[in-house]
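Q: Okay, sequence plus prediction incoming.
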Amino acid sequence: MASLHASSFLLSSSSSSKHIRAALSVPKLPSVRLSVPKVPTKGLSVDLNTTRDGFVNTIPFQKNVIETPLVEESSSVSMATIQLYAILESIADRVEMHNNVGQQRENWNTLLLNSINMITLTAATMAGVMATCGAGVSVLGLKFASTLLFSAATGMLVLMNQIQPSQLVEEQRNARRLFKQLQRQIETLLAIGSPSKEDVKDAMEKVLALDKAYPLPLIGVMLEKFPESLEPAVWWPKIQSQKTNKQVVDSNGWSKELEMEMQQVVEVIKRKDSEDYDRLGNKALKMNKVLASSGPILTGIAALGSAFMDSSNAPWAAIMAAAVGALASAVNTLEHGGQVGMVFEMYRNNAGFFKHVQESIESTLSQSDLDKRENGELFEMKVALQLGRSLSQLREVAKKSSYSRIEGSPIDEFASKLF
């Protein structure tokens, strides 16, 4: 009995201990794998390469995401554009240079004109004062000062007449206008089309031709101020003409009638506009030569008259020096104040303008391939605008020129209404 109680006690105690253990023991959770990010190690590149496959379009992980052939293709296409922008920068710099130099030379013209006139009139006043002095009065001081001032005016006039500041100002003014015109042409080309290497070459040649036509330095490359006759200014590169006997058909805006119209416009420019400006330019050139040589001669005569004055012949020599000095001042004012050199340069540039229009029409008509020409309607409009006419007026001028050639009568109308 006692043993049974003991065994039962032991069994109950053991079962209770199991229950206690079961209550105290923590049940095992189900094994769930959590992906915890590891510290970057050498395997990071592998993980990034794996991740990159899903984000390759948004986040570039490699340095060379853009393929090399695309870079080469982009650079080859845009190289002409980049070169034209570089040419535009050079043109803008040249515009600024010609503007600054033109203002400087305009100041030269004003300062030299005023200084020489003041010197000449002061010397003439001294000579007039000497004429009022009676016999026996010492006029050595006035004589020396007047002679020195007349001599200085002679030297300054010779220098001023050689460089012709007013003509230089007109050169820089025209150069600035033509460079701006070229700048706008290149900007239009960049805006409406894809430039080519030929466009870059053409722009370079035009820039260099303008540099040659309107040089900035005075020594060595200055334009001849007193040529034998007027030569039209040439600021464009030489145009290669291509003679052809190809029959013209309607293509690219061109027709036989339009070609005949352009040929007649060229004839009018040759017979009327270019001839008229050559005539006026040569007159201005002759007038400028006479005035440029008369000024120093007159001041030189006045200087000699002042130098040979003494107490016995002072009135007559002084009167001559004063009169000649005043005349020299008037001649100098007419030449440089009236800017006769600028007028000659204006005629020279206008003659160059008509020559440029003439050569551009002839070179366009000589192109054998009509598709390579500029569109005929656009070209006609440009020529009409350059000459200051409407399309109907331009065609009317061409008809009058054709009738005058048939009838053998001179045409009484100029091609241009602008100049």
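A: Structure's in. What do you need?
Q: pLDDT weak spots in the stretch 51-200 of the chain?
A: Applying pLDDT under 70 to the stretch 51-200 of the chain picks out residues 51-77, 134-138.
Q: residue ranges of the helices in it, please?
A: Taking DSSP state H, counting those that start in this stretch as the test, the helices found in the stretch 51-200 of the chain are 68-132, 140-163, 165-192, 197-213.
Q: who wins for proximity to residue 380 among those?
A: The closest of the helices of the stretch 51-200 of the chain to residue 380 is helix 165-192. By Cβ to Cβ, the value is 18.3 Å. Just so you know, the C-beta spots here come from the backbone N, C-alpha and C atoms, and that holds for glycine as well.
Q: Packing partners of that closest one?
A: The contact analysis (3 or more Cβ pairs under 8 Å, 6 or more residues apart in numbering; DSSP states H and E) places helix 165-192 against helix 68-132, helix 197-213, helix 340-365.
Q: What's the separation between residue 333 and residue 339?
A: 11 Å (Cβ to Cβ, to the nearest Å).
Q: who has more neighbours, those two?
A: Using other Cβ atoms under 10 Å as the criterion, residue 333 and residue 339 rank with residue 339 on top: 21 against 16.
Q: nearest spatial neighbour of residue 205, skipping sequence neighbours?
A: Of all residues not flanking residue 205 in the chain, residue 237 sits nearest, at 4.0 Å (Cβ to Cβ, 6 or more residues apart in numbering).
Q: and that neighbour, what does it touch?
A: By Cβ atoms under 8 Å, 6 or more residues apart in numbering, the residues touching residue 237 are 202, 205-206, 208-209.
Q: Most neighbours of all those, which one?
A: Neighbour counts for these (other Cβ under 10 Å) peak at residue 206, which has 21 neighbours.
Q: check contacts around that one.
A: For residue 206, the contacting residues are 182, 236-237, by Cβ under 8 Å, 6+ apart.
Q: Residue 363 versus that one, what's the distance?
A: Distance from residue 206 to residue 363, counting by Cβ to Cβ: 14 Å.
Q: if we can go back for a sec, redo the contacts of residue 206 as JSON lines? Include distance to residue 254.
A: Formatted as JSON lines, those follow (distance: Cβ to Cβ, whole Å):
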{"residue": "182", "distance to residue 254": "26"}
{"residue": "236", "distance to residue 254": "23"}
{"residue": "237", "distance to residue 254": "24"}
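Q: quick one: which of these is nearest to residue 346?
A: Looking across these and measuring by Cβ to Cβ, the closest to residue 346 is residue 236, at 18.5 Å.
Q: Ramachandran angles for the closest one?
A: Dihedral pair for residue 236: phi -120, psi 150, per degrees, to the nearest 10.
Q: what do you get for residue 254?
A: Note on residue 254: backbone dihedrals following degrees, to the nearest 10 are phi -100, psi 150.
Q: Any idea what it is bridged to?
A: residue 251 (DSSP bridges).
Q: neighbours around it, how many?
A: Per other Cβ under 10 Å, the neighbour tally for residue 254 reads 24.
Q: pLDDT score for it?
A: Note on residue 254: pLDDT of 90.
Q: now the residue nearest to residue 363 when sequence neighbours are not counted: how far from residue 121?
A: The shortest distance from residue 363 to any non-neighbouring residue, by Cβ to Cβ, 6+ apart, is to residue 239 (4.2 Å). Noted for residue 239: a distance of 52 Å to residue 121, by Cβ to Cβ.
Q: Between these two, which is the more surrounded one?
A: residue 121 (17 against 12).
Q: list the contacts for the more buried one?
A: Shown in contact with residue 121 (Cβ under 8 Å, 6+ apart): 325-326, 329.
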